[in-house]
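Engineer: With the sequence up front, the predicted model follows.
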Amino acid sequence: MIFMGRQKQKHFEEMKAWEHVFEPDIKQGADVIDLKGTWGKKVILELACGGGDYTVALAKALPDATVVGVDIKGSRMWIGAKIAHDSGVLNAKFLRTRIENLADFFAEGEVDEIWITFPNPHPTKGNEKRRLTSPRFLEMYSRLLKRGGFLHLKTDSEELFNYSSGAMRTCGFKIVKVIDDVYACQDCDDFVRGIQTCYEKKYLDGGRKIRYVKAESLLA
């Protein structure tokens, strides 16, 4: 346990030195980093990025975009941040903060796309507001996204898939693509099927069906 603690501390120290990682210490009341309007011409977010699978893969595939992985758990984020650092993927960035604080770091209409891949479905009754596709989050996304920007969701949860599709329609989004089974679909682009998170691989090995929905922001 002591060894694991030292390793984690080492990782945190590394991230502090990396220019592509931003860790505003909001909990301790430090000043919020003024990042609004600084991210670039094309901005893509991966929310609750975990180890940053999509963040790094999208950054490699889209070198003209700035791809930002957002998560509060630095120990997981370090994985993707290190891969980006070691492989020289300079357009992959990482922001350590809670999703509800996104508006502190991105201006309205600054974001082109948002990816949410295999989020916690929060299936417990009364826990819907914690879902990353609940109205309180969707209303924030609609402000941050450019008009015509896209919100993507991949999940193995049928309940979350159905809930999210309905919520998007009532929160300023137009559903433009729905895939009930990604790996049985004949019309699926590389960004949907070609990038797999560790969770996706686990669910596929367990025979779970992977679902996808793409929605266009009509606001901003």
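Structural biologist: Everything's here; your move.
Engineer: where are the low-confidence patches of this protein?
Structural biologist: Low-confidence segments of the chain (pLDDT under 70): 1-5, 25-33, 220.
Engineer: what does the longest strand seen in it rub up against?
Structural biologist: Assignment by DSSP state E gives strand 145-155 as the longest strand of the chain. Residues outside strand 145-155 that contact it (CB atoms under 8 Å, 6 or more residues apart in numbering): 109-119, 121, 133, 138, 141, 161, 164, 168, 173, 176, 182, 192, 200, 210-220. Bear in mind the C-beta positions are built from the backbone N, C-alpha and C, glycine included.
Engineer: Give me the residues contacting the lengthiest helix in the chain.
Structural biologist: As assigned by DSSP state H, the longest helix anywhere in the chain is helix 2-17. For helix 2-17, the surrounding residues in contact (CB under 8 Å, 6+ apart) are 21, 23, 74, 75, 77, 78, 81, 82, 94, 96.
Engineer: In stretch 96-107, which residues are buried?
Structural biologist: For stretch 96-107, the neighbour count (16 or more other CB atoms under 10 Å) marks 96, 97, 99, 102, 104, 105, 106 as buried.
Engineer: from the chain's centre, how far out does it sit?
Structural biologist: 12 Å (CA atoms, centre = their mean, to the nearest Å).
Engineer: Where do the helices of the protein begin and end?
Structural biologist: 2-17, 53-61, 74-87, 135-144, 158-170, 190-193, 198-205.
Engineer: bridging residues for residue 45?
Structural biologist: With DSSP bridges applied, residue 45 shows beta-bridge pairing to residue 68, residue 114.
Engineer: How about the contacts made by it?
Structural biologist: Residues near residue 45 by CB under 8 Å, 6+ apart: 67, 68, 69, 70, 102, 106, 111, 113, 114, 115.
Engineer: want to try a markdown table for these, with distance to residue 56 as columns?
Structural biologist: Shown next, in a markdown table, are the contacts of residue 45 (distance: CB to CB, whole Å):
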| residue | distance to residue 56 |
| --- | --- |
| 67 | 8 |
| 68 | 12 |
| 69 | 8 |
| 70 | 14 |
| 102 | 20 |
| 106 | 20 |
| 111 | 18 |
| 113 | 16 |
| 114 | 17 |
| 115 | 12 |
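Engineer: now, which of those sits nearest residue 52?
Structural biologist: residue 69 (4.4 Å; CB to CB).
Engineer: ok, so what distance separates residue 206 from residue 101?
Structural biologist: 33 Å (CB to CB, to the nearest Å).
Engineer: repeat for residue 57
Structural biologist: 25 Å.
Engineer: surely residue 204 meets residue 193?
Structural biologist: No: using CB atoms under 8 Å, residue 204 is not in contact with residue 193, being 10.8 Å away.
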